[in-house]
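[1] dropping a prediction and its sequence here:
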Amino acid sequence: MWTASRIPGTFAAEEIHLWAWPLLFDGQDMSAHREILDGRERERMQRFHFAADADRYAIVHANVRRILAPYINQPAEKIAFRTGPFGKPELAGDTSLKFSLSHSHTTALLAVDPELPLGVDVEDLKPIEPEVADKHFSATELSMLRGLQGDEWLTGFYRCWTRKEAILKAEGVGLSRDLDSFDISLLPDQKAELVSTRQHFSYWWALHDVSLSPHIIGALAAARSQAQIVRFHL
């Protein structure tokens with residue numbers, strides 16, 4: 001499903017490109033990553049307390065630049081970014097290209113669309129307190145979760161969390177909108193989808209499960225109702 005490929009730089013009809021790469025850097029020379037970051041990225045990288053976190057940041061953002069460069073025909077180190085009203089990163093300049101980035105401790109995901117907004121989220125499966133679901137999920141979602149036990153409950157939690165996060169990132173509003181203001185599917189036999197909403201959305205977001213393994217859960221929210229997800233890995 002995940003093809004190792006040179007970056008195509010172009011899209012077929014209704015395509016969304018989804019890139020994944022592992023955040024492994026033991027013994028890796030970090031200079032090639034750091035040197036293509038801009039001044040603001042280097043400054044942020046230097047604020048990390050632990051060297052491993054700074055290295056992870058450098059790998060993530062250098063690879064974002066490498067992937068986006070062929071799509072907009074610019075050198076990776078020359079790409080300029082800006083932020084939206086709620087802090088969502090965007091490409092500066094004359095381009096319609098949209099992207100969304102997410103990374104966990106182990107994995108990074110970058111989704112790219114030629115013109116329509118999208119959002120992606122990825123999480124490593126790790127223990128979580130049920131109170132987190134009680135605080136953030138809707139009554140409908142909590143009812144579905146209560147039918148799951150053990151590992152199934154945990155995976156259901158992360159399906160719900162990543163799908164909600166992907167939608168809010170696609171909307172560009174971050175956590176300024178309540179997570180319990182809309183309902184999504186989360187059961188293992190259900191298709192990923194936005195079920196209902198009690199707040200206005202820009203689009204009726206199409207949801208896709210883009211998990212990389214049973215332990216790395218991912219979700220993509222797309223404005224394209226018939227999107228063809230093409231997956232690549234670095």
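    Arrived safely, thanks for sending.
[2] for the most centrally placed residue in the chain, give me its contacts.
    The residue lying closest to the centre of the chain (CA atoms, centre = their mean) is residue 120, at 2.6 Å. Applying CB atoms under 8 Å, 6 or more residues apart in numbering to residue 120 gives the contacts 18, 100-102, 109-111, 166, 169, 210, 218-221. (Glycine included, C-beta is placed from N, CA and C.)
[3] 6 Å instead?
    100, 102, 109, 111, 166, 220 (CB atoms under 6 Å, 6 or more residues apart in numbering).
[4] who is the first one paired with across the strands?
    In this structure, residue 100 has beta-bridge partners residue 111, where bridges are defined by DSSP bridges.
[5] who's in contact with stretch 123-143?
    104-106, 145, 157-158, 160, 162, 179-180, 183, 215-217.
[6] same question for it: list its buried residues.
    Of all the residues in stretch 123-143, those buried under the rule 16 or more other CB atoms under 10 Å are 123, 125, 133, 136-138, 140-141.
[7] again, but for stretch 91-102
    For stretch 91-102, burial by neighbour count (16+ other CB under 10 Å) applies to 91, 95, 98-102.
[8] re the thing from before, which SSE is the residue nearest to the centre of the chain in?
    strand 118-124 (DSSP states H and E).
[9] now residue 203: how far from residue 95?
    Distance, residue 203 to residue 95, by CB to CB, to the nearest Å: 20 Å.
[10] hmm, I typed the wrong one, I wanted residue 61.
    For residue 61, the distance to residue 95 - CB to CB - is 18 Å.
[11] packing partners of the strand or helix carrying residue 19?
    Taking DSSP H and E as the definition, one finds residue 19 inside strand 15-22. Secondary structure elements in contact with strand 15-22, counted by 3 or more CB pairs under 6 Å, 6 or more residues apart in numbering; DSSP states H and E, are strand 107-113, strand 228-233.
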